[in-house]
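# Structure for this input, please:
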Amino acid sequence: MWWDDDPHEEQEADHRLPTREMFVRVWPFLRPHRWTFLAALLLTLVGVSLVLAQPVIFRLIVDHDFPEKDLQSLLRHASIYLGLMIGGSAISALATVLMGRAGVLVINRIKRVLFGHFMGLGLGWLEKHPVGSLVSRVESDSQRLVHLCSTMAMRILSPLVMVLGALVVIGTTDRRLLLIAVIMLPLMVTGTVFMFSRMRSRFREERKLYAKLSGQVAEVVPAARLLQALGRLRWAEARVALANRIYKSFTTRLMFLEYAFWSGIGLIEIAMTAIALWLGAGWIADGSMTPGTLVMFAQYASMIYWPLMQLSEQLAEIQRAGGAADRIFSSLDTQPTVSAPETLTPVPQQPRSIEFQNVHFEYEEGKPVLQDVSFRLDHGRTVALVGPTGSGKSTIINLVTRLRDVTQGRILLDGIDVRDFDPVDYRRRFGLVLQDLYLFPAPVLDNLRAFRDEIDEDAVREAARTAGILEVLEARPGGLQAVLAERGGDLSYGQRQLLAFARALAVDPPLLILDEATSSVDPGTERRIQKALEALTRDRTTLLVAHRLSTIRHADRILVLQEGRIVEEGAHAELLALDGVYAELVRLQENENGTEADSSGHRNGGSAENLPQGETHERID
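Numbering: from 1, shown residues only. Presented below is the predicted three-dimensional model:
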């Protein structure tokens, strides 16, 4: 199905970051917090030193205080031992807090950078990636790096220092015990290296399966209403359940593999302790070793084993973080499909014209969508685009707003190629009213001013009043401060269109794009929209994609598209007089509505122009 295979995910999964390069790539995000990380690491070293001193104190208790029954010395050594335990725990806790806080700040920055990069990659890239996959990459993959950037560094340093410190103390106390530890240690290290080298691909697969599962959930939940209407909820549940079973099965096998590794390391530690006790009993008998030394070695043996266990676990987390880092940094390495030039040209504040010059565009190589399209929009004029589905109308809108770049030809703003402008600054000159409405789950006021704080509330109210939606919005509990449901689900479709229309008015753009702004509304709502249209398009360059003749017929110029080419252009009456493609589209639509029209655009029984505004609802498909 559509969510089962993502070739782009597979392609990016082939991008493998070496562990060293992964840390190098993370370092710029760590740099602002390097002193916090350094302080946490130093505290970790102090805490480890306090832990390493504990077996030495316990040895004194066993070898000196117990045999000599020195209660005062015993209390003194016991107090020191207790102090070392409390101090080590407190310092480790403080180091964990410092490291964790800095790690969260680092990850939050990575999320902001990654999300901003996604938004800047362009429409072409975003359309190729499922929403759920992108959500997983920003949230889940970034969260994996929390361990890499926070407690993981401390938990790697701490075991290493613990193992080295234990070996040093053992070596300075009794070299025979050091030899036992050194003989067994390579087996532990070899197992750890094996874990490090073999598990990364499995953890990468685990991240891929998790992303697929979370992606399915993210895609299915917004479609719950449609799935209920179609009676396909059980189908959706079965798809998610299947992905969940696959993920559970894989992670279960992965957990058993990790457990088997840790159990193997545990057997080595048991063997090391057993050998030391067996040989140590003889050494104690001949007087060459004290009981305290053997007890101390047993404690240090656990300090070697458990840190290695912890180290192997953290290396496994590095592998998990490595899979996430592969996906994150491969995304950050992706170049935007629409980018700003090195030398920017200022965008005119009040553009006078937009011109298409021999524009060609292809979504796929060898399959042109637009071919040799040329036209000009002058200031204050309205140009309408009509044509059948797939003729290229929406593509022209994407190109003029530079959501995509042309394959051949040029688009000029006041004679300057739009590719010479900063895309973000260029798009701020446009106001958009699209058929696919999107409203944010935020206050109505913020939706109306498109989150631009520089637009004051009075201007927003005036825009809503002009669009005929102010009274409806103020009648709702909370008025303009009321928070809308997701995608404006608590408004009717017509109200959402009027609100989107008011948003364009509030932004007050010099260039206006209307994509079927009057579609799917009742006659009363359309009358209000038509009235607002007259105010909105006055003194603005307007590109209009609409099906209703009540909107198209008053455009200064109509461009008729067919198979990606402009086949006719002119005013409404001129195109009807040509009796070509446009006239045929009009007749077909009027026939569907049960009317008959002559070449002058009249209905039987009277002139269309004499009907009350909003009564003409012919559509061109």
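
# so what's Glu121 up against?
That one is not Glu; residue 121 is Leu. By CB atoms under 8 Å, 6 or more residues apart in numbering, the residues touching Leu121 are 334, 336-337. Every C-beta, even on glycine, is put in place using the N, C-alpha and C of the backbone.

# Only whichever of those residues are buried, select them in PyMOL.
The buried residues among the contacts of Leu121 can be selected in PyMOL (16 or more other CB atoms under 10 Å) with this line:
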select buried, resi 337
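
# which stretches of the stretch 451-600 of the chain form helices?
457-466, 470-475, 493-507, 523-537, 549-552, 572-578, 581-592 (DSSP state H, counting those that start in this stretch).

# Give the next helix or strand downstream of the lengthiest helix in the chain.
Looking across the chain with DSSP state H, the single longest helix is helix 233-285. Using DSSP states H and E, the helix or strand that follows helix 233-285 towards the C-terminus is helix 291-332.

# Next, give phi and psi for the one residue sitting closest to the centre of the chain.
For the chain, the residue nearest the mean C-alpha position is Val138 (3.6 Å; CA atoms, centre = their mean). Val138 adopts backbone torsions of phi -70, psi -40, taken as degrees, to the nearest 10.

# quick one: low-confidence ranges for the stretch 101-250 of the chain?
Residues of the stretch 101-250 of the chain meeting the criterion pLDDT under 70: 132, 146-153, 191-193, 195-200.

# could you pull out the strands for it?
Counting by DSSP state E, counting those that start in this stretch, the stretch 101-250 of the chain has no strands at all.

# What segments of it are helices?
123-127, 131-135, 142-149, 151-173, 175-198, 200-220, 224-230, 233-285.

# Save those as TSV, and put in distance to Val581 and mean neighbour count too.
As requested, the helices of the stretch 101-250 of the chain are arranged in TSV below (distance: least, CB to CB, whole Å; neighbours: other CB atoms under 10 Å):
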stretch	distance to Val581	mean neighbour count
helix 123-127	29	14
helix 131-135	38	18
helix 142-149	52	22
helix 151-173	65	19
helix 175-198	65	16
helix 200-220	39	19
helix 224-230	35	11
helix 233-285	42	14
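
# any idea how far Gly266 is from Leu84?
Distance of Gly266 to Leu84, computed by CB to CB, to the nearest Å: 26 Å.

# before we move on, the earlier item: would you turn the helices of the stretch 451-600 of the chain into CSV with distance to Leu43 and mean pLDDT?
Output for the helices of the stretch 451-600 of the chain, formatted as CSV (distance: least, CB to CB, whole Å; pLDDT from 0 to 100):
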stretch, distance to Leu43, mean pLDDT
helix 457-466, 51, 87
helix 470-475, 55, 87
helix 493-507, 52, 82
helix 523-537, 63, 68
helix 549-552, 69, 70
helix 572-578, 78, 89
helix 581-592, 76, 79
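
# one step back: between helix 151-173 and the longest helix of the chain, find me the angle.
With axes from the mean of the first three to the mean of the last three CA atoms, to 10 degrees defining the directions, helix 233-285 sits at 10 degrees from helix 151-173.

# Low-confidence ranges, the stretch 351-500 of the chain, go.
436.

# re the thing from before, so for Leu403, which of the helices of the stretch 101-250 of the chain sits nearest?
With distances scored as CB to CB, the stretch of the helices of the stretch 101-250 of the chain nearest to Leu403 is helix 123-127 (4.3 Å).

# so Leu370 makes contact with Ile566?
No: Leu370 is beyond contact range of Ile566, at 9.4 Å (criterion: CB atoms under 8 Å).

# Looking at these two, which is more packed in?
Neighbour count, other CB atoms under 10 Å: between Leu370 and Ile566, Leu370 has more, with 24 against 21.

# other SSEs contacting the helix or strand where that one lies?
Assessed by DSSP H and E, Leu370 sits inside strand 367-378. Judged by 3 or more CB pairs under 8 Å, 6 or more residues apart in numbering; DSSP states H and E, strand 367-378 is in contact with strand 353-364, helix 393-400, strand 408-413, strand 541-545, strand 565-570.

# contacts for that strand?
So strand 367-378 is contacted by 352-363, 383, 392, 395-396, 399, 407, 409, 541-543, 557, 559, 563-566, 569 (CB under 8 Å, 6+ apart).

# ok, of the residues you listed, which come out buried?
354-357, 359, 361-362, 383, 392, 395-396, 399, 409, 541-543, 557, 559, 564, 566, 569.

# and the strand holding Leu370, which strands flank it?
strand 353-364 (antiparallel) (DSSP bridges).

# can I get the helices and strands packed on strand 367-378 in a markdown table with distance to His64?
Rendered in a markdown table, the data for these read as follows (distance: least, CB to CB, whole Å):
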| stretch | distance to His64 |
| --- | --- |
| strand 353-364 | 83 |
| helix 393-400 | 84 |
| strand 408-413 | 89 |
| strand 541-545 | 92 |
| strand 565-570 | 99 |
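
# Grab the nearest non-local neighbour of Val48.
Residue nearest to Val48 in three dimensions, not counting chain neighbours: Val161, with 4.8 Å by CB to CB, 6 or more residues apart in numbering.

# From Gly116, how far off is that neighbour?
Val161 is 39 Å from Gly116, by CB to CB.

# now do Phe440
Distance from Phe440 to Gly116, by CB to CB: 17 Å.

# Next: Arg427.
15 Å.

# the more surrounded of these two?
With neighbours defined as other CB under 10 Å, Arg427 and Gly116 compare such that Arg427 has more, 16 against 10.

# ok, the closest residue to that one other than its chain neighbours - contacts?
Nearest residue to Arg427, sequence neighbours excluded (CB to CB, 6+ apart): Thr401, at 5.9 Å. Thr401 is in contact with 427, 430, 432, 513, counting by CB under 8 Å, 6+ apart.

# ditto for Leu185
Listed by CB under 8 Å, 6+ apart, the contact set of Leu185 reads 167, 304.

# ok, now how distant is it from Tyr305?
Leu185 is 10 Å from Tyr305, by CB to CB.

# And for Leu484?
Distance from Leu484 to Tyr305, by CB to CB: 58 Å.

# now swap in Ile110 and tell me
Distance from Ile110 to Tyr305, counting by CB to CB: 35 Å.

# ditto for Phe29
Going from Phe29 to Tyr305 by CB to CB gives 34 Å.

# More neighbours: these two, which one.
Neighbours per residue (other CB under 10 Å) separate Phe29 from Tyr305, with Tyr305 holding more: 21 against 17.

# Surely that one touches Gly264?
No: using CB under 8 Å as the test, Tyr305 is too far from Gly264 to be in contact (11.7 Å).

# Mutual contacts of these two, please.
Here Tyr305 and Gly264 have no joint contacts, going by CB under 8 Å, 6+ apart.

# Figure out the length between the terminal residues of stretch 349-369.
31 Å (CA to CA, to the nearest Å).
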